[in-house]
Structures are given as C-alpha cells and as structure tokens.
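> no sequence on hand, only this structure:
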C-alpha cells in the first residue's frame, strides 16, 4: 500500500497525472516555438519587432487542487481539463497597445491553433484598473497513443501594463489580499496613469514612423532628381572614341 492505494493502482494514478501534466508542458512548448518563429521573422525581415519578451509557466499540482476546491467542482483529471483553462500560461509583453492586437491577430491566423475565447481587458478594464488581452487557445499535442487538444491561456500586455500588474500582485500578497481602501484607490489611479503613458507612447511612435516615412520619400525623390540630372549630361556612345582609351 502507498498513500492508501494498492501499489499497482498508485502507479497507474501517478502515471496518469504525469501524462496529464506533460500534455500542458508540451502544449506550452508548441506555443513558445510559434512565438519564437514570429520573433525571428520580425528580427530578420522587418525593422520592428512587436514582441518584447515572453514568460511561460505551468501550474503546480497544488495550485490546481486549490483552484478546483475554490471552484467547488468534482475533482478528476477530466474535470480539471474541462474547468481550468489556465493550467498552462504564457505572457507576451509588447511595446505598444497596437502591438497587442497585432500579436493576437498573428496567433489567430495559425492554422493549427484554435482560439476558444478572447477577453479584452484593455477596452474594458477590470474594476481595479487591470488591463491586458487574454486569449484561450487550443493546441494539438501528439502523444504516443493519439492527439490531445490542450488549452493554454495567453496574456498579451504592454510593458506599462505588466509593470503595474506585477506590483499590484506583490502589494496584494504583502497585505494578504486585505489592502486598505486608500491604497486600492491609488492603485487604480496608477493604472490610469500607466494607460495614459501607453497612449502617449503610441502617439509618439506613430509620429516618429510618419516622420521616418516622409524622410524616406524625400530621399527617394532627391535620388530620382540626381539620376535625371546626370542623364542629361550623358553623351551618346557614338560620339565617344572609345579606341583612344584602349591599351596601346
């Protein structure tokens, strides 16, 4: 006997749990590969990369059990898969708000990736001021005995959104989730200020891009004028005695 189970039954349960967790790890690896390919493409072919950095994690068994208890749903591997969509998670951090929707669009166009749900907390922030774009995607994982379709939560946010969310999380844990009202008010104000900064940086980015495009257009026009001017002074080949330039 081990932990109240016969040895054979315990081994079977252990193998099932291990396989279950492996599915989520493999699904996350598949998603990480997709995102890395996008990053590499932008690095090699474009002047600008919308993805700053990424972070991934798979929930621990203990965290999964605690969340299932809070949800008060039956505990089984099938039930976990049906009720928890954030066992595997990836956070993608972008520079600008427009990049968030660009990344979301690129992922949505992946033929083997199915978008189950999108929650836009940028257009509709949470009451505490939290902003981010959440996607639930389903990824096929090919195991030895067949294919499993595994759901992964993807959070896409700007650097400012990520900074605010990280500090808000630390503050809540410091106060054991019992944060004084005056601090909650200040946290929401800080979220609004972070959003104003995001919008300002977005505008600056658009303005700089427009200036760069105008400069490139001006340079092309100047080059065209120079080429046209040079052509006016080119002599027809028939008027040039090329023989005198040959080696004697």
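Arrived safely. In this text the structure is predicted, and so the values were computed from the model without any measurement.
> show me the shaky parts of this protein.
Using pLDDT under 70 as the threshold, the predicted model of the chain has low-confidence ranges 1-11, 228-248.
> give me the residue at the spatial middle of it.
Geometric centre of the chain, nearest residue: residue 92, 2.9 Å, by Cα atoms, centre = their mean.
> which outside residues touch the helix or strand containing that residue?
Element membership of residue 92 [criterion: DSSP states H and E] is strand 88-94. Identification of contacts with strand 88-94 by Cβ atoms under 8 Å, 6 or more residues apart in numbering yields 24-25, 27-28, 31-32, 35, 50-59, 100, 102-103, 150-159, 162. Bear in mind the C-beta positions are built from the backbone N, C-alpha and C, glycine included.
> now the next helix or strand after that strand and strand 88-94, what's the angle there?
Later in the chain than strand 88-94, the nearest helix or strand by DSSP H and E is helix 97-108. Using axes from the mean of the first three to the mean of the last three Cα atoms, to 10 degrees, the direction of helix 97-108 lies 140 degrees away from that of strand 88-94.
> run through who's touching helix 97-108.
34-35, 38, 50-51, 92, 94, 113, 115, 118, 122, 133, 135, 137, 154, 156-158, 198-199, 202.
> tilt between the next helix or strand after it and helix 97-108?
Once helix 97-108 ends, the next helix or strand along the chain (criterion: DSSP H and E) is strand 114-120. Using the same axes, to 10 degrees, the direction of strand 114-120 lies 160 degrees away from that of helix 97-108.
> all strands of the protein, in order?
51-58, 88-94, 114-120, 133-143, 146-158 (DSSP state E).
> please identify the most buried of these.
Of all these, strand 88-94 has the most neighbours on average by mean count of other Cβ atoms under 10 Å, namely a mean of 22.
> report the angle between that strand and strand 51-58.
Using the same axes, to 10 degrees, strand 88-94 lies at 170 degrees relative to strand 51-58.
> what helices or strands is the longest helix along the chain leaning on?
Using DSSP state H, we find that the single longest helix of the chain is helix 181-231. Packing partners of helix 181-231 (3 or more Cβ pairs under 8 Å, 6 or more residues apart in numbering; DSSP states H and E): helix 97-108, helix 159-174.
> give the contact list for residue 148.
Applying Cβ under 8 Å, 6+ apart to residue 148 gives the contacts 23, 140-141.
> and it, how far from residue 58?
15 Å (Cβ to Cβ, to the nearest Å).
> who touches stretch 183-191?
Applying Cβ under 8 Å, 6+ apart, the contact partners of stretch 183-191 are 125, 128-131, 164, 168, 171, 175, 179.
> got a quick PyMOL command for the buried subset of those?
Of the contacts of stretch 183-191, the buried ones can be selected in PyMOL as follows, counting by 16 or more other Cβ atoms under 10 Å:
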select buried, resi 125+129+130+131+164+168+179
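> okay if I get the contacts of stretch 183-191 as CSV plus distance to residue 108?
Converted to CSV, the contacts of stretch 183-191 look like this (distance: Cβ to Cβ, whole Å):
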residue, distance to residue 108
125, 22
128, 28
129, 27
130, 23
131, 20
164, 26
168, 28
171, 34
175, 38
179, 36
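> and the residue nearest to the centre of the chain, what are its bridge partners?
Taking DSSP bridges as the rule, residue 92 bridges to residue 54, residue 156.
> ok, now how distant is it from residue 204?
Computed as Cβ to Cβ, the residue 92 to residue 204 distance reads 22 Å.
> just residue 31 next, same as before
31 Å.
> which one of these two is surrounded by more residues?
More crowded of residue 31 and residue 204, by other Cβ atoms under 10 Å: residue 31, with 24 against 11.
> thanks a lot, catch you later.
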